[in-house]
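Enquirer: Okay, here's the prediction I keep looking at, along with the sequence it came from:
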Amino acid sequence: MTMGLRPYTQRTGNGLGSPSFDVDQGEVLMHVLPAVGIVFDNRPPEFPGTLYISSRQVVWLSDVIMAKGYAVDFLSMSLHAVSTDPEAYTSPCLYVQIDTGDDEELENSDSECHGEESENFDLAAVREMRLVPSNPNELETLFEIFCQCAELNPEPTGDEEEEEHNWFFGADQLEQMPGLSVAGDDEEQFSSIPPSSIGHSNGDHDQLARTVLQLQINDRRFEDADEMEPENNGKHC
């Protein structure tokens, strides 16, 4: 997935055309709103255009320049809110914060992004987007649709976290772990393991019956406190 704002020129159909969504991968068109202006950071607004909201992304297509369009995935949006404060912006709008994924690069290109005279600004560095419908009454509907689509695109959880909590051990692994062994005659043993145990075998009940976990307690934390107390050499922490 490409982080941040990106250009979009994939139009299909006749006339002004419409975006080409990945229907085969389950992308669904949720809402279309014409006569919407778009503003990036502190740059002048671009207008008129049509807003297309799918289950994965937001696409704005210019109604004047066929080659002009922008898109941003919902996974790249860190915040969206209705703004009606004229001190924040002159027109009621939907304010969106965009995660570019590279804060260091943003600091270096900040002047380019906010320079109103610059025509070749870096889309990937844009951190703020405002969607300005010609009819302010559309804002509440727009906000609700953004909320629905944001719920459809939760932040992905990495495989590392799943692997970290995947606590299933084989006999060879148990032998290598301190405090655990497969067989022995020490005092504390577990002759059976409940199905919900951390160390249970994943579906191999025969092997589970043959495997007996033995907990070997050899922890200095259980020794007498007087024995564990370090000598006081006159130093205080």
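Expert: Sure, I can see it. Numbers count the residues shown, from 1 in each chain.

Enquirer: in this structure, what secondary structure element scores lowest on mean pLDDT?
Expert: Lowest by mean pLDDT, DSSP states H and E among the helices and strands of the chain is strand 213-215, with a mean of 38.

Enquirer: quick one: contacts for the closest residue to residue 101 other than its chain neighbours?
Expert: Distance criterion Cβ to Cβ, 6 or more residues apart in numbering; nearest residue to residue 101, sequence neighbours excluded, is residue 3 at 3.6 Å. Every residue, glycine included, has its C-beta placed from N, CA and C. By Cβ atoms under 8 Å, 6 or more residues apart in numbering, the contact set of residue 3 is 76, 99, 100, 101, 102, 124.

Enquirer: beta partners of residue 131?
Expert: residue 38, residue 94 (DSSP bridges).

Enquirer: which other residues reach the longest helix along the chain?
Expert: In the chain, assigned by DSSP state H, the helix with the most residues is helix 139-152. By Cβ under 8 Å, 6+ apart, the residues outside helix 139-152 that reach it are 30-31, 33, 51, 53-56, 58, 74, 77, 80-82, 84, 92-94, 96, 131, 133.

Enquirer: Please pick the buried ones from those.
Expert: Buried subset of these (neighbour count, 16 or more other Cβ atoms under 10 Å): 30-31, 33, 51, 53-54, 56, 58, 74, 77, 80, 92-94, 96, 131, 133.

Enquirer: re earlier: tell me which of the contacts of helix 139-152 fall in strands.
Expert: Of those, the ones assigned to strands by DSSP state E are 30-31, 33, 51, 53-54, 58, 77, 80-82, 93-94, 96, 131, 133.

Enquirer: which among those gets closest to residue 13?
Expert: Compare each of the ones in strands among the contacts of helix 139-152 with residue 13 using Cβ to Cβ and the shortest gap goes to residue 54, at 15.4 Å.

Enquirer: pretty sure the closest one contacts residue 26?
Expert: No. Counting by Cβ atoms under 8 Å, residue 54 stays clear of residue 26, with 10.2 Å between them.

Enquirer: burial of residue 146, as a residue count?
Expert: Other residues lying near residue 146 total 22 when counted by other Cβ atoms under 10 Å.

Enquirer: Give me the pLDDT for the residue nearest to residue 135 when sequence neighbours are not counted.
Expert: What sits nearest to residue 135 in space, not counting adjacent residues and going by Cβ to Cβ, 6+ apart, is residue 35, at 7.4 Å. What the model reports for residue 35 is a pLDDT of 97.

Enquirer: next one: the one 3 residues further on
Expert: According to the model's per-residue confidence, residue 38 sits at a pLDDT of 98.

Enquirer: who touches it in this structure?
Expert: With contact taken as Cβ under 8 Å, 6+ apart, residue 38 is in contact with 45, 46, 47, 49, 60, 70, 129, 130, 131, 132.

Enquirer: Against residue 132, how distant is the closest residue to residue 22 other than its chain neighbours?
Expert: Spatial nearest neighbour of residue 22, excluding adjacent residues (Cβ to Cβ, 6+ apart): residue 56 at 7.7 Å. Counting by Cβ to Cβ, to the nearest Å, the gap from residue 56 to residue 132 is 23 Å.
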